[in-house]
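*Asks:* Sharing a model prediction with you, sequence too.
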There are 2 protein chains.
Amino acid sequence: MKEKINKNKIAIVLIQLLKDAKKDAFREVIKELMPYDIAEQYNELPVKHRPLFLEYLDVPQLTSLLRHLTRDEQLQVLRILKPVRSVELLELMKNDDLAFLLSGLKDSQIEKLITQMKHEESVIVRRILAYPEKSAGRKMSDRYVWIDKKYTIEQAIEKLKHFSELAEYLNYLYVIDEHKKLVGVVSYRDLLLADSKTTVDEIMTKNIVSVDVYTKQQEVAKLIARHDFVSIPVVIEDNTLVGIITVDDVLDIIMREADEDIEMLLASGKAIDFKTKPLVAAYRRLPWLILLLFIGLVSGSIIAKFEATLEAVVALAFFMPMIAGMTGNTGTQSLAVVVRGLVTEDLNTKQAIKLIFRELIVGIIIGITCAIIISVIAYVWQGSLVLGLVVGSSLLITLIIGTIAGTVIPLILHKFKVDPAVASGPLITTINDILSLLIYFGIATMFISRLM
Amino acid sequence: MKEKINKNKIAIVLIQLLKDAKKDAFREVIKELMPYDIAEQYNELPVKHRPLFLEYLDVPQLTSLLRHLTRDEQLQVLRILKPVRSVELLELMKNDDLAFLLSGLKDSQIEKLITQMKHEESVIVRRILAYPEKSAGRKMSDRYVWIDKKYTIEQAIEKLKHFSELAEYLNYLYVIDEHKKLVGVVSYRDLLLADSKTTVDEIMTKNIVSVDVYTKQQEVAKLIARHDFVSIPVVIEDNTLVGIITVDDVLDIIMREADEDIEMLLASGKAIDFKTKPLVAAYRRLPWLILLLFIGLVSGSIIAKFEATLEAVVALAFFMPMIAGMTGNTGTQSLAVVVRGLVTEDLNTKQAIKLIFRELIVGIIIGITCAIIISVIAYVWQGSLVLGLVVGSSLLITLIIGTIAGTVIPLILHKFKVDPAVASGPLITTINDILSLLIYFGIATMFISRLM
């Protein structure tokens, strides 16, 4: 509450200072804010004040502002800024952030921006953009400090002082040998505690965990979370150090992956947030909904095939939503367990078979329980024992099949390196809908003479 | 692949060493492994070898082993260990980990363990257990080092050397004044770069972000992610420092929250992973499924109310799964946007109204699009223009209502401090199922004479 009032107050002060063009006073206020809060103030600002707001910030402040904006907002900032300052800004950005920003642009626009940059910067950016999306190479930063293993602690601290700007958010120095291969790490704490005359290779940690540039970002996140690291070095094949990935990037990766899992599990459409425009949000949601529309029609056409059965016993329709809904739900329950389980654990074939077997037992237990309940209810409600048994046995079979389908399909996708979360709503629901209606009306048709 | 072979090889070596009771050689191998890998080896080990495995580890190794086990596995370790070692182990655990472990036990068991511990340890543990679940107080650690703001850099480093074990995973020293109030932080990097004769309050960062012991863990995670912190200090009311929360804990919080969101959004049952026993998994999933069973029956009873309409025009049944499915899905799409959006952003009333208005427009756009498609299909398929219009207009209305329901309900829950993810499958689906069937059959009944 207190924080909110403060934010509004600050906003009012900032707007007044912009109106009066009081640059120095404006900069005094900004200096007291965290980068995230500056970004928030910028986003809340009336559009007409934004150009001056950006003009009053220095380039390092602009850099940290960009870090907290969405890609669309970043591009807007670049459009407002004068070209010279844009390039300056791009050069100062962490190169993984820069690659993220550029990957949203057309190739011709990327070229235009890159050619304006300093040669060594542009080489780095091109190299990062050459790595596949969602690989460690795309997310790594070159803002780290390396030292030679023969350095004394004193020399190491000396080098750190030289590159202190680079090392702002870090906690380690990376140690390389004469062939530039990564051979160890030294934490700042190690440096503080060590005698200044010892050499780095005496105190460094040699048992280092590193990742390859082509490692998936999700795997990197898994490693950092497991080992409670603050950062992890990225190497190419021959163990040459080329970058690092820090835990704050991993937080972003984990949140993004969770959002994507939910998007895919619920078929909710990619990348819609509170600021997405209505037309864009509708456009992103429609493909799924139209797909589901046709899936619904497939179910409908199965019912149409059994029109004679349904006409004879209309009461069969009463249990349709329940059977289809339950089968779909047990499938997504299993799917959720598999998808989220794979986020933190790896499965070998033996463990996968064990999991499928467990889900089979789970399916049988919930199938029997629910079948008994619904048989009794259907008998009491509709007064027909045969109807009760038809509904109950259908539910038993469909629940077992639905549970197994929800487990096996994502495991197969995972085996073939497809993200199992795509086996979402649409796929599992279609299969389970169609199977459940076929089984239900199939059994009902078999017993049609006794049902009438 | 390489890593997997290595793991299996190491497992074989370890089992052989345990069989031969070669303690020293065993410890040599263990020394080369990361704590997570030791935990993995322990879990893969045949049960009969586990007691000796644990006996060969020293207490610090046991402590880090426990960090990577589930609560059930932790309790199993405590049962295997001799009582004296258990208590030693509990005393050495980070106290937030300890509180997590104990919160799974019965009160009498907690008492028994706590009374065996040293007095000062037991006081701390009791205090942590007194904070509400999911509060910052429950997750904070006392493994930090504080310094007085009047210290010179030299004195600060001296103190760090004394408490170097405590400070193993940290990157900051916390600065307090003469009343023990938190007044600043100093990073290890600041210490390395500063002149050893300056005092701490000259170089410390004064603009610190801290959280209260009662702050929700999810809020703490939000702050750390926003500001890219590695740790955040926890204070009580009068700004007295009582603990810290580190980014590795935040990774756990974020993953747990994402899992819980998915569990609730998909009604998939709490806390089921790959190792959950079949009976337990079935028991956790059944409540949701039985609830859905009754919800399905409510839908069924609505259909039963319109039995005459359905008997007159059986073709109406063909479009039932599609309409109910689509309405449910557009609702969960909106729900997903709201639930995940609230993870990273806060909404005030103005923004909430703006969001509802956007979703209304989205609902109208997707409603009109889908209604046109289905009207044409229904007309072509069933050869009845009236049926096409009935199905189309029903879908238009239900999609708009479904979209709004999926937005408004979680926002209301959030307003009343209920986690909006509980407005999951069951609630939104029930409401949308019932509404969609009522609207569909209501419209159909109105036009029944023209449909026949």
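*Replies:* Yep, that arrived.
*Asks:* who touches residue A:355 in this structure?
*Replies:* Residue A:355 sits next to A:338, A:347, A:407, A:411, B:274 when contact means C-beta atoms under 8 Å, 6 or more residues apart in numbering or on different chains. Placement of C-beta: from N, CA and C, glycine included.
*Asks:* Please narrow these to those residing in helices.
*Replies:* Residues of the contacts of residue A:355 located in helices (DSSP state H): A:338, A:407, A:411.
*Asks:* least confident pick among those residues?
*Replies:* Across the set of the ones in helices among the contacts of residue A:355, residue A:338 stands lowest in pLDDT, at 85.
*Asks:* Quick check: that one touching residue A:408?
*Replies:* No - contact criterion C-beta atoms under 8 Å: residue A:338 and residue A:408 do not qualify, at 9.2 Å.
*Asks:* neighbour-wise, which of the two wins?
*Replies:* Between residue A:338 and residue A:408, residue A:338 has the larger neighbour count (other C-beta atoms under 10 Å in any protein chain shown), namely 25 against 18.
*Asks:* For the more buried one, give its distance to residue A:432.
*Replies:* To residue A:432, residue A:338 is 15 Å away according to C-beta to C-beta, to the nearest Å.
*Asks:* Same question for residue A:194.
*Replies:* Look at residue A:194 and residue A:432: by C-beta to C-beta, they are 62 Å apart.
*Asks:* ok so, going back, out of the ones in helices among the contacts of residue A:355, flag the one nearest to residue A:305.
*Replies:* Nearest to residue A:305 among the ones in helices among the contacts of residue A:355: residue A:407, at 28.7 Å, using C-beta to C-beta.
*Asks:* Unless I'm misreading it, the closest one sits right up against residue A:338, doesn't it?
*Replies:* Yes - with contacts counted by C-beta under 8 Å, residue A:407 reaches residue A:338, the gap being 6.0 Å.
*Asks:* Tell me which residue of the stretch 1-150 of chain A lies closest to chain B.
*Replies:* residue A:36 (4.4 Å; C-beta to the nearest C-beta).
*Asks:* ugh, wrong one, the stretch 151-300 of chain A
*Replies:* Counting by C-beta to the nearest C-beta, the stretch 151-300 of chain A gets nearest chain B through residue A:296, at 2.7 Å.
*Asks:* How are the strands of chain A distributed by residue range?
*Replies:* Counting by DSSP state E, chain A has these strands, from start to end: A:146-148, A:172-176, A:182-187, A:211-212, A:231-236, A:240-246.
*Asks:* can I get those in JSON lines with mean neighbour count?
*Replies:* As requested, those are exported to JSON lines (neighbours: other C-beta atoms under 10 Å in any protein chain shown):
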{"stretch": "strand A:146-148", "mean neighbour count": "18"}
{"stretch": "strand A:172-176", "mean neighbour count": "23"}
{"stretch": "strand A:182-187", "mean neighbour count": "21"}
{"stretch": "strand A:211-212", "mean neighbour count": "20"}
{"stretch": "strand A:231-236", "mean neighbour count": "22"}
{"stretch": "strand A:240-246", "mean neighbour count": "22"}
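*Asks:* a markdown table for those, including mean pLDDT?
*Replies:* Converted to a markdown table, the strands of chain A look like this (pLDDT from 0 to 100):
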| stretch | mean pLDDT |
| --- | --- |
| strand A:146-148 | 89 |
| strand A:172-176 | 89 |
| strand A:182-187 | 90 |
| strand A:211-212 | 92 |
| strand A:231-236 | 90 |
| strand A:240-246 | 89 |
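*Asks:* Any chance of TSV for these, columns distance to residue B:250?
*Replies:* Formatted as TSV, the strands of chain A follow (distance: least, C-beta to C-beta, whole Å):
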stretch	distance to residue B:250
strand A:146-148	28
strand A:172-176	19
strand A:182-187	20
strand A:211-212	21
strand A:231-236	15
strand A:240-246	14
